[in-house]
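*Asks:* Give me coordinates for this.
(3 chains)
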Amino acid sequence: MTERERVEQEDKRLAAEREKIARDGPKLKGAALEARLHAAWRRPPGIMGWLATVDHKEIGRRYIITALIFLALAGVLALLMRLQLARPDSNLISASRYNELFTMHGSTMMFLFAVPVMEGVAVFIIPLMLGTRSTAFPRLNAFSYFMYLFGGLMLWGAFVLNIAPDMGWFAYTPLSGPQFSPGKRADVWAQMITFTEVAALAAAVVLVTTILKTRAPGMTLARMPIFAWAMLVVGIMIIFSMPSVALASSFLISDRLVGTQFYNQAEHGDALLWQHLFWFFGHPEVYIIFLPATGFVSTIVETFCRRSIFAYPVVVLALISTGILAFGLWVHHMFATGLPRVGYSFYTAASMSVSIPTGLQIFCWLATMWDGRPRFQVPMLYVVAFIVTFVIGGLTGVIIAAVPLDLQLHDTYFIVAHFHYVLIGGAVFPLLGILTYWYPKITGRMMSERFGKISFWMVFLGFQLAFFPMHFSGLLGMPRRVYTYPAGLGLELPNMLSTIGAFVVALAVLIYVLNGVVSLYRGAIAPDNPWDSASLEWATSSPPPVYNFEHIPVVEGRAPLWDTEGDIPVISGLRVDEKEMLLTTVVSATPDLREPVPHASLWPFIAACAVGVFFVSSIFSPWAVVFGAIPSAIALTAWFWPKSLERHPEPVIA
Amino acid sequence: MSSGFRASVLAIAALALSLSACDREERHSRAKPIGENVPAGPSPGLLYAGGAPSNVPVDPRAALYENDAPALAEGQRLFTWMNCVGCHSHGGGGMGPPLMDNQWRYGGSMQQIAATIVEGRPNGMPSFRGKLTEDQVWKLAAYVRSLSGQQSKDVVSSRSDAMSSTTPQTLAPRQPVRSSGTAKQ
Amino acid sequence: MMLRRGTAAAGVMLLLGGCAQYQHYQSIFGNAAVEGRDFNQLFVIFLVVCVIMYLAVIAFLFAGIARRRRSGDANVVEQGRQHDSDPLMRTGLVGWGAVIGVGLIALAIASFFADRSMAKAAGNEKLSITVTANQWWWDVTYNSADASKTLRTANELHLPVGVPVRIILRSNDVIHSFWVPSLTGKQDLIPGRQSDVTIVPTKVGIYRGQCAEFCGTQHAHMAFVVDVDSYPDFLKWWHHQLQPAPAPTTPLVQAGYNYVTGRQCAMCHNVSGTPASGQVGPDLTHLASRRTIAAGTLPMSKGNLYGWVEDPQSIKPGNHMPTIGLEPNDLHAVVAYLETLK
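*Replies:* Okay, here's the model as predicted:
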């Protein structure tokens, strides 16, 4: 054979190899491409596949549904509490049971609903919004869900078994210490913290890495959707704040299990140490809950006012500065503890200053509405309710940031009113709106607009009826966490109104959930982009295929779908016979690497079981730390075992 | 190591048993006010020579208080309030005999300890008949038993919020309870 | 939205006028001490500024909603969905930020001055009281350099009007919080630490305080009464409280005395002038002179005394006073004796 023939033969062979590798590109499209991608990306069927999935959409859905179930459970507890408080000197629920109820209500809402639902929504939507096929670390993502689930099951299992914690959701020592909380109630609570903290940290790592490294080419940080910015800030906040509460709860378990002296002032520990460690986490926690909601609001406002957000850099900087400032406020929970007054002044100033970035964000939303052409479908209604409600909560927050005022209002129903206004007004209303907004993307159907509006008005007005009177209960001298109150203090009317309002809210949430369930079967089929939105998740079908996008989109502005009128440029070259995603650089999102995506794996589930057994047994014996570490180590080793050579290695093309 | 291994096996068993935890941490705020019915006089089994194992039937009222976390917590507080620490320290003993060891002069079962508290004993143990309710006596008896490790490890509290002078109760080894027949008097 | 504004207006009116009947009892607007005036002023300043900010936000919101309503079919999708912002909005952003910043600085300064003003009375106190919190009652000691003039009582304070009093706060078990809304802000009582609060009452009257930090099962029933008297009345009370318990005069009372000093009661309670000297529970020397039983749980009356002594666990389940199960004759005797402890 001549040299020339040899070269031609080699070229043909290489061309044939290239065909076999089959990366997506102009040659492979349409049904053939979809079939190949689907075959590569789908998870194994059946129960094993369900346990082993690493599909972020499935995990995100699980997170959301589990969180909504916990919301319902904690809501029922709230209704019981309100029934008890409807009348003075009531004997409906005993003191110990009531204490369990408010502890479970607070702990479930804060640890098992608020943070996980935000993470769940983010885990579902962020890769779609960023134009990629998967999150980073998909198995860690799966692990995080199972840890969360096991923590929640442990807490509620304890409730069923009559060993529910009863020291309040922030469990101050020495009340939660070994002498004053006998038995295992406080240990169960502290371990629930460990579970949910590990889950949240894992999810935060997943989200931060996804947002920084897997964005579509051309989606520079300055072109990233606001919700992605919000989750980036929140992820970093979680990473910095969660270890504090894990430390605090580990110290507590240690005190209770083996008699260390961390919180024992008689042995030079300090009861206040708990408060510092807890609130160093606790204050950023509420912003961890609130900032994703601001991301929701920005998303909805852009779409429903049909223009991109006013002053995007200001909104982003507001998110970042809120995230940073949030770490400097925690002592405002401790104004009554007798720390030096001059230090308190600093925290008053810091607590007030954190409202400046939020105030600017509010201006930006309102300016977007002013400059845009708002249409008031259900998600936008929730945004209006958010503004009307959250701003009240924020302003009562400014009131209690002042030490002289806080010394009267701390630990009263005024505070209960404040935090429900900021949490429900500031996080739940946007959540209800965003679930309606992304429901078509998640399920492929539209929720009923009519029932959406009914449940909206009920929840909004019911909320005002339930929580506005609490400002007055507090001003009239009703402290928090009391299972009853005496007649003759003027508390009967506010409490009765609150009880009625609570039931209205419960009914509204029920209608909302029924709307969601029934619309699964009866809702209108959703097109790709029912709301005419600008961001990338609407560039694929509703619901998306398991591989998210046929081709990875390329982004050239902040509103990709609007800029390109649906004709989005794409990039090709990812393999279609193996799971693969495109990594891009952190700031300018130039394509960087093709990263293999892990297959479905049971090891995250097994590791979560092993770690779960380890955590639960360490409630009962310190030896569990030794013996529980062994199965955990085995599971983690198996999980991280280096993968064998790829099944279909790419031939090297010289 | 073996005690640690046993402890951990017990912990796992406790974990399993905890599935029947329904009543273990229930706060029984009201004992039945049935008056002073703690056994009076020397308990049967106390005066057996030669250390015969006591055939004392276990008083059913005692069972309510054993392995009951709130009862032990209340007993711990009563132990300080009624000044048991004045003679017995926090279990180590002083003027009074230690309560953490395996020497029980007057018996270490629940009704024997309750009888000791109610009767008083020679050489300085005062009688609390008429000074403590029966409910309080049972709680104290349960707590005293916990000092020598007789109660399950997951109902005792590891330490009180006072100065610590003894091993944390969750780590205290379980001392065998023998009747006084073979004990040094 | 009218509903909202109406509620807000009604609320403000309720605040300032409608709750007058409760002002003197357990209300933040009780205004019965020097600090209360400062608080009211500061609260009103904050409320006014916050309401103005809120109305500004709402006005902007509704302006934005109403603005485009008139421009035809709201569902028409127009070309080029993004367009330049109204330059008014850019100035508005800066102005808004400036207004918020200035407003917050003003509020912070007002807060600082109120704080300083409220702290002025500290250091000039003429009377010193130590309140030690327990689960779930308040141990009150009127301090004096002279031990014979140290007064111990429980769940009730009497204060002379116009006299600065320093209340030293300690705890024997968990964190509690001393709060008399009509008089002053709260301070936590933390085991192992000592803090204090200064009160200068200005209005004679009866006020109720309550523990404001969750402290366990009966946190809801850990209240106390503060009786602000004129100075002569206060002195009269104080001298009376320093007296030991009166000796029994009738056989029934004597039988009660025997029971209280010889049986379970004396293990925990102290009655000055008798052998009963337990330090665990509240001091009973002048029990019958107090307005409430069991830390504000029951009003003081013969019937309530009967109920409480017979079965405290059914009234305040979980508290540390045991249900003894007194025989009827013993009960009559004990209550008869307790009633003499005025």
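
*Asks:* what pLDDT does residue 43 get?
*Replies:* If you meant another chain, say so; for now it's chain A. pLDDT, A:Arg43: 88.

*Asks:* Chain B was what I was after
*Replies:* Residue-level pLDDT assigned to B:Ser43 equals 45.

*Asks:* next one: the one 10 residues further on
*Replies:* What the model reports for B:Pro53 is a pLDDT of 43.

*Asks:* got it, and A:Asp270?
*Replies:* 93.

*Asks:* what sits against it?
*Replies:* A:263, C:192 (CB atoms under 8 Å, 6 or more residues apart in numbering or on different chains). Where you see a C-beta, it was placed from the backbone N, CA and C, and this is true even at glycine.

*Asks:* Verify the contact between A:Thr436 and A:Phe451 for me.
*Replies:* No - taking contacts as CB atoms under 8 Å, A:Thr436 lies outside contact range of A:Phe451: 10.5 Å.

*Asks:* what about the two, which has more around it?
*Replies:* Applying other CB atoms under 10 Å in any protein chain shown to A:Thr436 and A:Phe451 shows that A:Thr436 carries more neighbours, namely 28 against 17.

*Asks:* show me the residues around the more buried one that make contact.
*Replies:* Counting by CB under 8 Å, 6+ apart, A:Thr436 touches A:378-379, A:382, A:447, A:452.

*Asks:* Show me where chain A dips below the pLDDT cut-off.
*Replies:* A:18-21, A:566, A:645-654 (pLDDT under 70).

*Asks:* what's the domain layout of it?
*Replies:* A:47-522, A:603-640 (automatic domain parsing).

*Asks:* So the closest residue to A:Asp187 other than its chain neighbours: helix, strand or coil?
*Replies:* Among residues not flanking A:Asp187 along the chain, A:Ile619 sits closest, at 4.4 Å (CB to CB, 6 or more residues apart in numbering or on different chains). Reduced to three states with DSSP: H, G, I helix; E, B strand; the rest coil, the structure at A:Ile619 is coil.

*Asks:* So A:Ile619 is in contact with A:Leu252, correct?
*Replies:* No - look at A:Ile619 against A:Leu252 with CB under 8 Å: they stay out of range, at 11.5 Å.

*Asks:* Just give the number of residues close to the residue in the stretch 151-300 of chain C positioned nearest to chain B.
*Replies:* The nearest approach of the stretch 151-300 of chain C to chain B comes at C:Val280, 4.3 Å away (CB to the nearest CB). When neighbours are defined as other CB under 10 Å, C:Val280 has 18 of them.

*Asks:* distance of it from A:Val554?
*Replies:* Distance, C:Val280 to A:Val554, using CB to CB, to the nearest Å: 77 Å.

*Asks:* Setting aside sequence neighbours, what's the nearest residue to A:Phe159?
*Replies:* In space, A:Phe159 is closest to A:Met104, 5.7 Å off (CB to CB, 6+ apart).

*Asks:* Can you report how many residues lie near C:Pro87?
*Replies:* C:Pro87, neighbours per other CB under 10 Å, totals 8.

*Asks:* Name the residues of the helix or strand that A:Ser249 is a member of that are buried.
*Replies:* A:Ser249 is located in helix A:226-258, with elements delineated by DSSP states H and E. Residues of helix A:226-258 classed as buried: A:226-238, A:240-258 (neighbour count, 16 or more other CB atoms under 10 Å in any protein chain shown).

*Asks:* residues in contact with A:Asn495?
*Replies:* A:85-88, A:469, A:473, A:478, A:485.

*Asks:* thinking again about what came up before, near the residue nearest to A:Phe159, how many other residues are there?
*Replies:* When neighbours are counted by other CB under 10 Å, A:Met104 registers 23.

*Asks:* Isn't it up against A:Leu155?
*Replies:* Yes - using CB under 8 Å, A:Met104 is in contact with A:Leu155, at 7.4 Å.

*Asks:* Could you dump the contacts of A:Thr436 into CSV and include secondary structure?
*Replies:* Shown next, in CSV, are the contacts of A:Thr436 (three-state DSSP):
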residue, secondary structure
A:Val378, helix
A:Pro379, helix
A:Tyr382, helix
A:Met447, coil
A:Gly452, helix
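
*Asks:* Drop anything exposed from those residues.
*Replies:* Buried among those by 16+ other CB under 10 Å: A:378-379, A:382, A:447, A:452.

*Asks:* and residue 164, what does it touch?
*Replies:* Since you didn't name a chain, this refers to chain A. A:100, A:103-104, A:155, A:158, A:185, A:188.

*Asks:* oops, I was thinking of chain B
*Replies:* A:259, A:261, A:264, A:266-267.

*Asks:* which of those sit farthest apart?
*Replies:* Among these, the pair separated by the greatest distance (CB to CB) is A:Gly259 and A:Ala266, at 12.7 Å.

*Asks:* between those two, which one's more packed in?
*Replies:* Neighbour comparison, A:Gly259 and A:Ala266: the larger count goes to A:Gly259, with 22 against 14 (by other CB under 10 Å).

*Asks:* For the more buried one, which non-adjacent residue is spatially closest?
*Replies:* B:Pro168 (2.4 Å).

*Asks:* Give me the three-state assignment for the closest residue to chain C within the stretch 51-200 of chain A.
*Replies:* Nearest to chain C in the stretch 51-200 of chain A, going by CB to the nearest CB, is A:Leu175, at a distance of 4.2 Å. Under three-state DSSP, the three-state class of A:Leu175 is coil.

*Asks:* For it, list the residues it contacts.
*Replies:* A:Leu175 neighbours (CB under 8 Å, 6+ apart): A:167-168, A:181, C:174-175, C:214-216.

*Asks:* which two in those residues are spaced the farthest apart?
*Replies:* Using CB to CB, the two most remote members of these are A:Ser181 and C:Ile175, lying 13.0 Å apart.

*Asks:* If you count surrounding residues, which of these two has more?
*Replies:* The residue with more neighbours, out of A:Ser181 and C:Ile175, is A:Ser181; 28 against 25, by other CB under 10 Å.

*Asks:* pretty sure that one is touching A:Met167, no?
*Replies:* Yes - the criterion here is CB under 8 Å, and A:Ser181 meets it with A:Met167 at 5.6 Å.

*Asks:* quick one, helices of chain B?
*Replies:* Applying DSSP state H to chain B gives helices spanning B:2-17, B:60-63, B:69-81, B:85-88, B:110-119, B:134-147.

*Asks:* ok, now the stretch 301-450 of chain A?
*Replies:* A:312-325, A:341-353, A:355-371, A:378-401, A:403-409, A:413-420, A:429-443, A:449-475 (DSSP state H, counting those that start in this stretch).

*Asks:* tell me the angle the first one makes with helix A:341-353.
*Replies:* Spelled out, it's helix A:312-325. Using axes from the mean of the first three to the mean of the last three CA atoms, to 10 degrees, the direction of helix A:312-325 lies 150 degrees away from that of helix A:341-353.

*Asks:* For helix A:312-325, give me every contacting residue.
*Replies:* A:222, A:226, A:229-230, A:233-234, A:236-237, A:284, A:287, A:291, A:294-295, A:298, A:309, A:350, A:353-354, A:357-358, A:360-361, A:364, A:558, C:93.

*Asks:* That one to helix A:355-371, inter-axis angle?
*Replies:* Going by the same axes, to 10 degrees, helix A:312-325 makes 160 degrees with helix A:355-371.

*Asks:* Give me the three-state assignment for C:Thr132.
*Replies:* Quick answer, by three-state DSSP: C:Thr132 is strand.

*Asks:* isn't it right next to C:Thr141, touching?
*Replies:* Yes - counting by CB under 8 Å, C:Thr132 touches C:Thr141, with 7.4 Å between them.

*Asks:* picking that back up, chain B next: which of the buried residues of helix A:226-258 are close?
*Replies:* A:255-258 (CB under 8 Å from any CB of the partner chain).
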